[in-house]
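Chemist: With the sequence up front, the predicted model follows.
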Protein chains: 2
Amino acid sequence: MDEMTDRALEFARERQRQALGELIQWLEIPSISAQPSHVSDVRHAAEWLAAHMRGIGLANVTVRPTAGHPIVYGDWLGAPGKPTLLIYGHYDVQPIDPMNLWSSDPFEPLERAGNLYGRGAADDKGQVFANLKAVEAYLKTCGALPVNVKFIVEGEEEVGSVHLTSFVEANAPLLAADAVLVSDSAWLTLDAPTLIYGLRGLVYLEMEVIGPSQDLHSGSFGGPVQNPIQALCDIVAHLKDDQGRINIPGFYNKVQPLDDEERRELGRIPFDAALFCKDAGITTTAGEAGYSIIEQLGARPTLDINGIVGGYTGPGAKTVIPSRVTAKISMRLVPDQDPDEIADLFIAEVQRVAPPTVQVNVRRLHAAAPAIMNRQAPPLRAAARALQLAFGHEPVFARDGGSIPIMSHFQRCLNAPAVLMGYGLPDDNIHAPNEKFALAQFFGGIRACIYFLGALGE
Amino acid sequence: MDEMTDRALEFARERQRQALGELIQWLEIPSISAQPSHVSDVRHAAEWLAAHMRGIGLANVTVRPTAGHPIVYGDWLGAPGKPTLLIYGHYDVQPIDPMNLWSSDPFEPLERAGNLYGRGAADDKGQVFANLKAVEAYLKTCGALPVNVKFIVEGEEEVGSVHLTSFVEANAPLLAADAVLVSDSAWLTLDAPTLIYGLRGLVYLEMEVIGPSQDLHSGSFGGPVQNPIQALCDIVAHLKDDQGRINIPGFYNKVQPLDDEERRELGRIPFDAALFCKDAGITTTAGEAGYSIIEQLGARPTLDINGIVGGYTGPGAKTVIPSRVTAKISMRLVPDQDPDEIADLFIAEVQRVAPPTVQVNVRRLHAAAPAIMNRQAPPLRAAARALQLAFGHEPVFARDGGSIPIMSHFQRCLNAPAVLMGYGLPDDNIHAPNEKFALAQFFGGIRACIYFLGALGE
């Protein structure tokens, strides 16, 4: 197997610039899954990927329709008796606003100072593509892989993987695997290759507060009429206490407390608080009293207002009492919180504290369960070795603050350990303007996946 | 003088439909002063008005440039020895959003069921036009008016009359008058012609709360990073207590308390709380404990959030911690609150309670002092008689919740009593979709102004 791996590594090294050029083509397709105006772009990105998969030698490549955006599948099953690895990723990307803060066009990828800038560069097209290039390197040099491989790449990760769940349920035999590889995460620091063993879940809600049936003149009506924006602010203010804790009865009931051993382990992670602040663009942290930044990010739930709009927001002044205001509110969850139950608790508390002068409607936009993996499972140890060899640094095991909605579902449906081996860096600006992917991480990611496939096949 | 008035009344009655057609032409010009894209429309509305003034026989008609939108002036000074009346109004209109709630195009005025629908119909083009038609009726029938008249019609009332103040100061001799007439207000009920003797002032601010220097992924950063929308909601929630009182130290220090006599007088005003709720489109009132609706609207200050926007507000979900959020916040003031001082108090309190994890910037958009008039001044009594004759109902004296920024300035600069004789109704939807002006109020307003001019000249 070592010889195969060496040949694949050499191929990958020689073809780095070509791989980069191909990735740029894929990034040029604005596959924003949240916006209806981009439906055909999302489909285009799926078809581009399928064509590329066929080109590198994968079999059974299909663009599978769903009630939403399609799922791309492809496999290579020419290693009977060897383990089967399911590689998951997503080809959809986040919206780009605020557009005016981008230094270059999000869909005209630009290489600058060792980074590739563009929407989706790190989240997740660039990471998916590294794994594809690793597979290509084996197939183009040896005509075979050390293990069987199946790719499943979806187009709805950024909107909650709404149709992947039922797809996985309906296609469990097709997707059957001994391990799942997901490359959709970032390292904690530049020299700490990071294996994620815990992911937060998510509940994403939209809350509308309705006051008067129409916009009113604030002079003629101001005073006796409840302002719905004021009511919304009062509700939101109530949802957090002055210790940064979420003030919803029952919210913390099922949170697994951190034990001393895990707190010690998390405490050993090389984490640079100053760098965290720099990457976040903040001068000082806020958050929940009694927990370190690492603990808050990985092992504690949150509540964030993701967006708000209501009333007059144009230039100048309009003296109006608006009829309504809408906020998007999400909560990151940790084991063993249940997303549906947390949504119920949220809605009950909001309705309890809303004044009788407004109507409050809460819509559930999406939900994902939190997940936690066994750090000692063989695929996780194989990934640790692969990262060490590819990047020359000892990897760390960490919990991640993000959510990969489908992870807990994969674990449940396929009964296979998941390996979260990402190639991103903390300053990649994912979900924000000027998203980038470091070229060294892209090329290193290809090497890491080559080593990982080799190690799994031993 | 009676014969002149009779001839003017007859002329006005015969020409009602023609007057309506002319008003519709003026309303078709979208003179939205707040929006830069409408600058030329605002100018067009001024020029239309000037041409119309010349057509009805006014002299010295000029469109006077300012650093913003122009001011239209015209006069008739052919009654030496008689008093001079300055008639003020505005030809600019409010923005139209939310456009989807209009039943007909805001700038294609539509007559339906005794009302004329269109932006500016009641606020203030229709009311200004009633006064113009009264002057025309005298000039076209008698070639003279019972008094000297000067018109000053501005294009920036809806954005705080920013340049009128200095114009009035610089042109005090031109505008010198014995009384000022303003028709830019609504009656309290359908059968209570209303003379306003008190107006609330206004401070309009824009508050921006800045958290991280860029939008962040709520999974990778959620928890330790202060969410600026949460911070803004916390601040806004702090600004009002659970009794509906404004929680800014010193805010009420200069508020004139209502004495028992005025509370009794205000209590006699025919006010229909159920109708108020129906007009407002609410099921129940909120507001300041211990004060009636009428008292709150006229004699108590308010704080309203007029608009708010931040983060992701498009379709679907985006898991972002936004970098910033902006709210437009205004306070209606009562005598003797000073707008600049109140803005200072607001800013000091907001900065005091803002967490150290965000930056708060407050911009002053505009300000107007509150005003109060002597109910016994002769022009106010003349107006009361005119309303009685024109509409057949006993008028009431009331305080109004709105602001006419220039009123206190007129009083101060010109030293002339102001008469606030409006022709609007409480359900006119000013500053909201489906603004309308009742035809009976338009035609009655013409008659009222004819009687008022006659009474002033006696």
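Modeler: Sure, I can see it.
Chemist: State the pLDDT value of residue A:151.
Modeler: Looking at residue A:151, its pLDDT is 98.
Chemist: I figured it hits residue A:75, correct?
Modeler: Yes - using Cβ atoms under 8 Å, residue A:151 is in contact with residue A:75, at 6.9 Å. No exception for glycine: its C-beta is placed from N, CA and C like everyone else's.
Chemist: Spatially nearest residue to the residue of the stretch 1-150 of chain A found nearest chain B, not counting backbone neighbours?
Modeler: Going by Cβ to the nearest Cβ, chain B is nearest to residue A:34 of the stretch 1-150 of chain A, at 3.8 Å. Spatial nearest neighbour of residue A:34, excluding adjacent residues (Cβ to Cβ, 6 or more residues apart in numbering or on different chains): residue B:316 at 3.8 Å.
Chemist: So the one you found, which state does it fall into?
Modeler: Following DSSP: H, G, I helix; E, B strand; the rest coil, residue B:316 is assigned to coil.
Chemist: Residue A:151 and residue A:75: which is more packed in?
Modeler: residue A:151 (23 against 20; other Cβ atoms under 10 Å in any protein chain shown).
Chemist: Is chain B within reach of stretch A:351-363?
Modeler: Yes - interface with chain B: stretch A:351-363 contributes A:355, A:356, A:357 (Cβ under 8 Å from any Cβ of the partner chain).
Chemist: From these, pick the one nearest chain B.
Modeler: residue A:357 (4.5 Å).
Chemist: For the stretch 351-458 of chain A, which residues are neighbours of chain B?
Modeler: Neighbours of chain B within the stretch 351-458 of chain A, by Cβ under 8 Å from any Cβ: A:355-357, A:365-366, A:400-403, A:426, A:429-434.
Chemist: hmm, try it at 7 Å
Modeler: With the criterion set to Cβ under 7 Å from any Cβ of the partner chain, the stretch 351-458 of chain A comes near chain B through A:355-357, A:365-366, A:401-403, A:429-433.
Chemist: In which helix or strand does residue A:152 reside?
Modeler: strand A:148-154 (DSSP states H and E).
Chemist: got a list of contacts for that strand?
Modeler: Strand A:148-154 is touched from outside by A:49, A:53, A:58, A:71-77, A:79, A:82, A:84-91, A:128, A:135, A:161, A:164, A:175, A:177, with contacts defined as Cβ atoms under 7 Å, 6 or more residues apart in numbering or on different chains.
Chemist: Among those residues, name the ones in helices.
Modeler: Counting by DSSP state H, the contacts of strand A:148-154 place A:49, A:53, A:128, A:135, A:164, A:175 in helices.
Chemist: Select only the buried ones of the residues of stretch A:351-363 next to chain B in ChimeraX?
Modeler: A single ChimeraX command selects the buried members of the residues of stretch A:351-363 next to chain B (16 or more other Cβ atoms under 10 Å in any protein chain shown):
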select /A:355,357
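Chemist: Make JSON lines from the residues of stretch A:351-363 next to chain B and add distance to residue B:212, secondary structure and pLDDT to it.
Modeler: As requested, these are exported to JSON lines (distance: Cβ to Cβ, whole Å; DSSP: H, G, I helix; E, B strand; the rest coil; pLDDT from 0 to 100):
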{"residue": "A:355", "distance to residue B:212": "32", "secondary structure": "coil", "pLDDT": "96"}
{"residue": "A:356", "distance to residue B:212": "36", "secondary structure": "coil", "pLDDT": "96"}
{"residue": "A:357", "distance to residue B:212": "34", "secondary structure": "coil", "pLDDT": "96"}
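Chemist: Make sure residue A:126 is actually in contact with residue A:20.
Modeler: No - counting by Cβ atoms under 7 Å, residue A:20 is not a contact partner of residue A:126; they are 9.6 Å apart.
Chemist: Same drill for the two, tell me which one is more crowded.
Modeler: For residue A:126 and residue A:20, the more surrounded residue by other Cβ under 10 Å is residue A:126, and the numbers stand at 30 against 18.
Chemist: pLDDT weak spots in the stretch 301-450 of chain A?
Modeler: In the predicted model of the stretch 301-450 of chain A, residues A:405 satisfy pLDDT under 70.
Chemist: Report the closest residue of it relative to chain B.
Modeler: Closest residue of the stretch 301-450 of chain A to chain B, Cβ to the nearest Cβ: residue A:402 (2.9 Å).
Chemist: so which strand or helix has that residue?
Modeler: Residue A:402 belongs to no helix or strand when assigned by DSSP H and E.
Chemist: residues in contact with it?
Modeler: The contact partners of residue A:402, by Cβ under 7 Å, 6+ apart, come to A:185, A:199, A:200, B:217, B:219, B:220.
Chemist: what pLDDT does the last one get?
Modeler: Residue B:220 carries a pLDDT value of 86.
Chemist: got a list of what residue A:379 touches?
Modeler: Shown in contact with residue A:379 (Cβ under 7 Å, 6+ apart): A:179, A:417, A:419, A:456.
Chemist: Put the alpha carbons of the strand holding residue A:152 into PDB.
Modeler: Output of strand A:148-154 as PDB, limited to C-alpha atoms (Å, rounded to 0.1, in the frame of the first residue of the first chain):
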ATOM      1  CA  ASN A 148     -13.800   1.400  -1.500                       C
ATOM      2  CA  VAL A 149     -15.100   5.000  -1.700                       C
ATOM      3  CA  LYS A 150     -18.500   6.500  -2.000                       C
ATOM      4  CA  PHE A 151     -19.100  10.300  -2.400                       C
ATOM      5  CA  ILE A 152     -22.300  12.000  -1.400                       C
ATOM      6  CA  VAL A 153     -22.300  15.700  -2.000                       C
ATOM      7  CA  GLU A 154     -25.400  17.700  -1.200                       C
END
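Chemist: How far off centre is it?
Modeler: In terms of Cα atoms, centre = their mean, to the nearest Å, the centre of strand A:148-154 is set 18 Å apart from its chain centre.
Chemist: Stretch A:272-286 and chain B, are they touching?
Modeler: Yes - shown here: stretch A:272-286 in contact with chain B (Cβ under 7 Å from any Cβ) through A:280, A:281, A:282, A:284, A:285, A:286.
Chemist: show me where the stretch 351-458 of chain A has strands.
Modeler: A:359-368, A:371-372, A:396-400, A:418-421, A:436-438 (DSSP state E, counting those that start in this stretch).
Chemist: Next: the stretch 1-150 of chain A.
Modeler: Using DSSP E, counting those that start in this stretch, strands in the stretch 1-150 of chain A cover A:59-64, A:71-76, A:84-90, A:110-112, A:115-117, A:148-154.
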